[in-house]
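>>> the following comprises the amino acid sequence and a computationally predicted model.
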Amino acid sequence: MTESKNDLVYLKSNIVSEALFNQWYANSHLLSPLSSGLNIKERHVKIMESYIEDPKLHMSAVKNPALRGGPFVNFKNEQVTEVKVLLEKTFSDNKDLIELADAFFELNEMLEKKAKGGSLIELYRDIPEKLKGYVELVYDLNNRASFRVYELLLYKKYYKESNQSILLQLIDSDDSRPFVLSTPRLNRPDKIKLDIPFKSQILDELFRMIRIPDSYSRIKTLLQISESDDELFRSFFSETPPEKYHEYDESGIRVRYFGHASILLETKELNILVDPVISYEYDTNISRYTYNDLPQEIDYLLITHNHQDHVNIETLIQLRHKVKKVIVPRCGLGNVQDPSLKIMLNAIGFDNVAELSELETIELDKCAITGLPFYGEHADLDIQSKICFHVRFENDLKVVLASDSCNIQPETYDIVHDIIGDIDILFLGMECDGAPLSWVYGSFMPKTLEKEKDQSRRLAGSDYEQAFKMVKSFNPTEIFVYAMGMEPWLEYISSVKYTDESRPIKESNRLIEKCREIGLNAERLYGEKMLKYDKNDTSEVFI
C-alpha cells in the first residue's frame, strides 16, 4: 500500500530517546551481566529502599548543591508507591542477576579465607553455583588470589534484553533533564516508553527519520504505539524537513568540537567521530553543534574509555544507522570493573567493532589511527579499556586526542614522542578533581573502602603540571582543553558546576596562559569550535 504524501514525516530534532535498563538510565556497566547484577544490588536497590524509607530526605538533598550527583532520587513530588512497585519488579525480574552478584561476594570471601598461596585446583569445588563454569581462579605474582570471568559466557546466559526500553520525550531547554544516574524513570503522560531491545533495527528506522522522511503510520505500527498514545507520539514528528546538511567538500581537514569530548575530524573522503555525547536542537543562547550537524555517514567512531560521558548508550543507539566502523580500546578481559566494550556494543547492535591496543595502528587509505597509552583517571583500578588516539592524515596533520588521561608518569609520553614525533594539535582533559572511586566503582568493591582512601582515589584528569609536561612531550602548536563537562546539556550525566575558583578552571587557565606565553595557540573549549587545516594554506582558520 502506498502511503499518502502528507503521511511522510520527520522525527523532530529535540526528541530525547533515553536508553533504559530496569527503568534506570543505561550505561555499559548495566549491560554486562555481572556488573549489572552488582549495580542493581548495591546501587539501585539501596537507592530505592532509602527513598521509600525517607522521601523527604531525598527531596531536600537534591536541592543542596554540595550533594549534586549523589545517590538521591530526584522527583518533584513523593512517588513512594510507584518506587515500591518498581523495587518489587526489580527483585522479581532480576533474581538471577542479584544471585550472580551475591555469588561474586561469596567467591571473593572464599578466596580470601582459603587461597593462601597453594594450588587453587581444590577450590574450584567451592566456587558458588551461580559462577561455576564462568570463572578461572588465579594468583597474581605476589600470590594474591583472584579470578577472571568469562564475560561472553555470562552474556549468553544472563544478558537481559527483556529489561531494556527506550523512553521518548520532547525537550526544549538544557535544564529539561535533571541528573539521571540516581533516579529511576517512571511512566509519565508526556513520555512514551517503548519496550524494545536496544539492538532492534526498528530504532534505526526511527532515527533515520531525523533526516529522511518516512510514513507516520508505518513507524507507529512498527513500534506498536497504542491509540491512547497516538496524539503524543504524533507530536514527536513534523512535516517540515530539517535544514539541509552539506557534506564537507573542501581541501584539507575540518575539525569540529561538539561539546565535552566529542570531536569530529573531516576530509572530503573520510570522517572520524570521537566520544559522541551530542546536544539536541532547540532554542538556546549557547552556540553548539547538534545531531543535525553530523554527516549522513560516520566512517569511524572512536571511543577512548568506558565512562558514561564517553560511552553514551543513548547517543550510540541514535547514531548506529550512520556508523560504518567502531574502534574501542582493548580490555583486559575478565575483570568485573573493566567490562568489554566490544562485547557490549555487539550486544546492542553494532557488528562492526574493532579493538585497538597501545601503539597498534589501523592504516586507512589517507589516514592512520594509532592507540597511545592512557594513564590514570580510573581510581588506580586495573582497567585496561582506555586509550588515547593519534590520528595522522596524509598531509601529515597529526592530532592527539588524550581525553582524560592523567599524566602521572611523563616519561611514557616522552618515549611515545620518540616513536611518533611532534604533533600539531593536542586535545587534553583537565577535570583534575574528579569524583571519588565509589561514584562509579563502589558497587564492585567486596569491602567498602574507608572514606579517606575513597576520596584520595579519584576519577581525575591532568592538573597544570601534568598537562604542561604532556605539552612538552608532544610539542604541539595548538592545545585545546576539553572534556571538562562544562556544557549545560551534559549536566544530566555529569552534574558538574564550575565557578572561576574551581580547581579545574584555575589549573586549565594556568596551562592556557603558559602555552600562550611560549607562542602556542591554546584555548579551553566550550559550546562549539571549528578549526580548518589545509596543507595548501599555511594558516589555520579558527571559527
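Yes, it's here. Given the structure is predicted, the values throughout are model-derived calculations rather than measurements.
>>> element containing the residue nearest the centre of the chain, please.
Central residue of the chain (Cα atoms, centre = their mean): residue 311, 2.1 Å from the mean position. Assigned by DSSP states H and E, residue 311 belongs to no helix or strand.
>>> residue contacts, it?
27, 28, 303, 305, 341 (Cβ atoms under 8 Å, 6 or more residues apart in numbering). All C-beta spots, glycine's among them, are computed from the backbone N, C-alpha and C.
>>> now, which of those residues sits nearest residue 500?
Comparing these against residue 500 with Cβ to Cβ places residue 305 closest, at 28.6 Å.
>>> any idea what that closest one is bridged to?
Using DSSP bridges, the bridge partners assigned to residue 305 are residue 386.
>>> contact partners for it?
311, 329, 374, 377, 378, 385, 386, 387, 403, 404.
>>> how about the fourth one, what does it touch?
By Cβ under 8 Å, 6+ apart, residue 377 lies in contact with 305, 386, 404, 405, 406, 434, 459, 460, 461.
>>> am I right that it sits in a helix?
No: going by DSSP: H, G, I helix; E, B strand; the rest coil, the assignment for residue 377 is coil, not a helix.
>>> local confidence estimate at the nearest residue to it once chain neighbours are set aside?
Excluding the flanking residues, the one nearest residue 377 by Cβ to Cβ, 6 or more residues apart in numbering is residue 404, at 4.4 Å. Note on residue 404: pLDDT of 97.
>>> where's residue 404 relative to residue 487, distance?
In this view, residue 404 and residue 487 are 16 Å apart by Cβ to Cβ, to the nearest Å.
>>> ok, residue 222 - how many residues close by?
Neighbour count of residue 222, defined by other Cβ atoms under 10 Å: 17.
>>> swap in residue 248?
17.
>>> mind listing what it touches?
Per Cβ under 8 Å, 6+ apart, neighbours of residue 248: 254, 266, 267, 268, 271, 295.
>>> can you tell me the SS state at it?
coil.
>>> i'd like the first residue to be 409 from this point on
Okay, residue one is now 409; in that scheme the one you just asked about reads as residue 656.
>>> relative to residue 698, how far out is it?
17 Å.
>>> same question, residue 637
Applying Cβ to Cβ to residue 637 and residue 698 gives a distance of 26 Å.
>>> could you do residue 761 as well?
25 Å.
>>> tell me how many other residues crowd the residue nearest to residue 844 when sequence neighbours are not counted.
In this structure, residue 844 finds its nearest non-sequential neighbour in residue 862, 4.8 Å apart by Cβ to Cβ, 6+ apart. A count of nearby residues for residue 862, using other Cβ under 10 Å, gives 18.
>>> where exactly do the helices run in the stretch 809-951 of the chain?
Here the stretch 809-951 of the chain has its helices, by DSSP state H, counting those that start in this stretch, at 818-828, 846-849, 859-864, 872-882, 899-902, 911-925.
>>> so what's the model's average confidence on the first one?
In this model, helix 818-828 has a mean pLDDT of 98.
>>> just want the angle from it to helix 872-882.
If you take axes from the mean of the first three to the mean of the last three Cα atoms, to 10 degrees, helix 818-828 sits at 20 degrees to helix 872-882.
>>> what's next to stretch 838-846, contact-wise?
Against stretch 838-846 from outside (Cβ under 8 Å, 6+ apart): 477, 785, 787-789, 812, 814, 853, 857, 862-863, 865-872, 874-875, 889, 891-893, 904, 910-912, 915-916, 919.
>>> just stretch 895-907 next, same as before
Outside stretch 895-907, the residues touching it (Cβ under 8 Å, 6+ apart) are 433, 473, 476-477, 582-583, 585-589, 667-668, 685, 687-688, 694, 696, 716-717, 720, 839, 892-894, 912-913, 934-935.
>>> PyMOL command to pick out the buried ones of the residues you listed?
The buried residues among these can be selected in PyMOL (16 or more other Cβ atoms under 10 Å) with this line:
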select buried, resi 433+476+477+582+585+587+588+589+667+668+685+687+688+696+716+717+720+839+892+893+894+912+913+934+935
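>>> in strands, which of the contacts of stretch 895-907 appear?
residue 433 (DSSP state E).
>>> in this structure, which helix or strand is least confident?
The helix or strand with the lowest mean pLDDT-type score in the chain, counting by mean pLDDT, DSSP states H and E, is strand 945-950 (a mean of 50).
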